[in-house]
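Visitor: here's my sequence, what's the structure:
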Amino acid sequence: MAEYVGYRTKKRLEKKKNKGKAWKWLVVLGVLILVFVVLGAFVKVYPFDKAWNKTANGFGWLGHQIKSVFVSTKKVAAADFLPEGKKTANYLIGVTKQINGSTFLSTCIVASYSSVDKSGSLIYFPYDVMVNAPGMGTDQLSNLVALDQGRISSTLVTVENILGTEIDRYVLGTDRDLRMILTQFGEKLPVNVTSKLSYKDPSLNVTVNLKPGRQDLTPSTLASYLTYGTDGGAVDLAKRQEAFAPELIGLIGATDVKKFVARNANLFDTDASDKELTGMLQAYASLGDKVQTGIIPVKEFRFEKSVVNRPDQAAMPAFVKKYLKSDSTLKSDSRVKIEVLNGCGVPGVGEKVSSSIDLSKYQIVNSGNADNFDHAETVIVVYSADKTIAAAAQELRNELQVGKIESHPQGQDTAQISVIVGKDFASK
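Guide: Model prediction:
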């Protein structure tokens with residue numbers, strides 16, 4: 001009988017047979033996917049865990065893109081968030097922590113944006129880097145906020161000095177503020193943890209025990225992961241912040257940024273308006289993974305009984321050229337190196353000097369006290385016969401509007417000019 005089956009009947013039987021085979025293959029595929037998820041996401045067996053991390057990242061990116069289609073993406077005009085007359089903007093972002101009753105800066109980032117080519121970067125500073133803070137001498141970057149009685153002004157001037165440019169706006173918050181923001185994105189947030197971490201963070205009152213791999217963290221744990229550095233781990237913390245930056249930008253960009261800023265801006269100490277913050281966040285969200293990130297070049301050295309970092313001056317000019325978008329950027333070797341010495345005994349006089357001069361022309365490489373506090377007149381000591389340095393000293397005197405210029409035949413390795421600040425400047 002089978003050989004006399006009609007054409008239509010034969011096609012129907014073959015289709016039924018193929019449909020059965022398809023279902024079998026779908027079942028096999030489903031089992032394989034289930035095994036992949038179990039081995040990669042839960043058991044974390046190599047190399048399935050690496051493949052799962054890449055897959056999860058892909059789905060996360062796709063989710064942000066789909067969500068952004070349905071969320072308002074009204075843009076803010078460049079004039080609304082760039083300083084008047086400028087095509088670039090530099091924002092200093094700082095996060096503090098409270099440990100043993102002391103406040104210190106654990107996070108220092110410069111967000112640098114250019115409207116010319118619509119490019120942006122994030123520049124990270126390890127919190128333990130030794131810096132010359134005008135009016136405060138040499139100290140770790142993390143200590144400047146406490147020394148400045150909770151303000152970020154000395155940190156801002158110091159960062160300007162290191163990069164050789166102007167910081168236009170600043171945003172200073174706490175690790176608790178960061179935790180509140182992260183809570184708005186969910187109870188669990190996926191993070192790629194690069195190495196084993198185990199510590200207790202007294203500032204956020206959280207104990208952290210993490211193994212390498214992609215995992216979901218609570219907002220408290222993630223806030224600690226992004227702000228707490230173990231002894232000698234300042235560079236590692238900056239690397240964790242750098243790695244998570246695209247994730248955080250994506251999370252913020254997938255929301256209504258204007259409403260996000262309105263809801264959270266009052267958490268921070270900032271001189272930026274809501275409109276400016278909205279514009280900068282939208283600009284960075286539009287860049288996505290095109291945002292450049294880099295940690296300032298540093299060298300380890302021993303200070304007292306600990307190992308800390310200091311800026312690598314030889315590598316800094318190339319780094320600045322690559323990452324800083326400001327149109328006022330100059331190479332550090334083109335700025336005249338000066339030291340500021342307090343010769344009048346008035347606290348904070350070094351900071352007053354730094355605010356009176358153009359830091360794109362002068363680099364303050366040292367600050368401290370003079371041999372005594374009895375200097376009635378400000379003295380500008382020049383250690384070079386170079387006409388360029390002599391002209392810079394005269395211009396420096398004009399900017400300070402006080403003082404006399406003296407030449408010293410014997411130079412020094414640190415500075416080309418010393419400014420001994422007298423009582424005439426302090427009384428201005």
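Visitor: shouldn't residue 113 be within a strand?
Guide: Yes. Residue state for residue 113 (DSSP: H, G, I helix; E, B strand; the rest coil) corresponds to a strand.
Visitor: how many residues are close by the closest residue in space to it that isn't next to it in sequence?
Guide: Leaving aside its chain neighbours, residue 113 sits nearest to residue 120 (4.4 Å; criterion: C-beta to C-beta, 6 or more residues apart in numbering). Just so you know, the C-beta spots here come from the backbone N, C-alpha and C atoms, and that holds for glycine as well. Look at residue 120: counted by other C-beta atoms under 10 Å, it has 24 neighbours.
Visitor: over to the one 4 residues further on?
Guide: Residue 124 sits with 23 neighbouring residues when counted by other C-beta under 10 Å.
Visitor: what does residue 118 give?
Guide: Neighbourhood size, residue 118 [other C-beta under 10 Å]: 12.
Visitor: phi first, then psi, for it.
Guide: Per-residue torsions, residue 118: phi 50, psi 50 (degrees, to the nearest 10).
Visitor: contacting residues around residue 417?
Guide: Applying C-beta atoms under 8 Å, 6 or more residues apart in numbering to residue 417 gives the contacts 336-339, 380-383, 389, 392-393, 396.
Visitor: and with 10 Å instead?
Guide: By C-beta atoms under 10 Å, 6 or more residues apart in numbering, the contact set of residue 417 is 336-340, 362, 380-384, 389-390, 392-393, 396, 405, 408.
Visitor: the strands in the stretch 201-350 of the chain, which residues?
Guide: Assigned by DSSP state E, counting those that start in this stretch, the strands in the stretch 201-350 of the chain fall at 206-210, 213-217, 269-270, 292-295, 298-303, 306-311, 336-342.
Visitor: so how far is residue 248 from residue 424?
Guide: Using C-beta to C-beta, to the nearest Å, one gets 49 Å for the distance from residue 424 to residue 248.
Visitor: can you give me the helices in the chain?
Guide: 7-37, 48-70, 78-81, 144-147, 153-163, 175-183, 219-227, 234-253, 257-264, 274-287, 316-323, 349-354, 387-400, 423-426 (DSSP state H).
Visitor: can these go into a markdown table with extra columns for mean pLDDT, mean neighbour count and distance to residue 191?
Guide: Below are the helices of the chain laid out as a markdown table (pLDDT from 0 to 100; neighbours: other C-beta atoms under 10 Å; distance: least, C-beta to C-beta, whole Å):
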| stretch | mean pLDDT | mean neighbour count | distance to residue 191 |
| --- | --- | --- | --- |
| helix 7-37 | 66 | 10 | 19 |
| helix 48-70 | 56 | 14 | 11 |
| helix 78-81 | 64 | 16 | 29 |
| helix 144-147 | 88 | 19 | 27 |
| helix 153-163 | 87 | 23 | 27 |
| helix 175-183 | 96 | 19 | 11 |
| helix 219-227 | 97 | 23 | 6 |
| helix 234-253 | 94 | 19 | 7 |
| helix 257-264 | 93 | 18 | 20 |
| helix 274-287 | 92 | 21 | 19 |
| helix 316-323 | 91 | 16 | 24 |
| helix 349-354 | 79 | 23 | 39 |
| helix 387-400 | 91 | 15 | 48 |
| helix 423-426 | 91 | 20 | 50 |
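Visitor: neighbours of the nearest residue to residue 401 once chain neighbours are set aside, how many?
Guide: Distance criterion C-beta to C-beta, 6+ apart; nearest residue to residue 401, sequence neighbours excluded, is residue 428 at 7.2 Å. By other C-beta under 10 Å, the residues close to residue 428 number 10.
Visitor: tell me the domain ranges of the protein?
Guide: Using automatic domain parsing, the domain parsing of the chain gives 2-55, 78-311, 335-426.
Visitor: that older thread, I'd like the helices of the chain as JSON lines, with distance to residue 189 appended.
Guide: Listed next are the helices of the chain as JSON lines, based on distance: least, C-beta to C-beta, whole Å:
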{"stretch": "helix 7-37", "distance to residue 189": "19"}
{"stretch": "helix 48-70", "distance to residue 189": "10"}
{"stretch": "helix 78-81", "distance to residue 189": "27"}
{"stretch": "helix 144-147", "distance to residue 189": "27"}
{"stretch": "helix 153-163", "distance to residue 189": "28"}
{"stretch": "helix 175-183", "distance to residue 189": "6"}
{"stretch": "helix 219-227", "distance to residue 189": "5"}
{"stretch": "helix 234-253", "distance to residue 189": "8"}
{"stretch": "helix 257-264", "distance to residue 189": "16"}
{"stretch": "helix 274-287", "distance to residue 189": "17"}
{"stretch": "helix 316-323", "distance to residue 189": "27"}
{"stretch": "helix 349-354", "distance to residue 189": "39"}
{"stretch": "helix 387-400", "distance to residue 189": "49"}
{"stretch": "helix 423-426", "distance to residue 189": "51"}
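Visitor: closest one to residue 103 among the ones you listed?
Guide: Distance to residue 103, taken as C-beta to C-beta, is lowest for helix 144-147 among the helices of the chain, at 4.9 Å.
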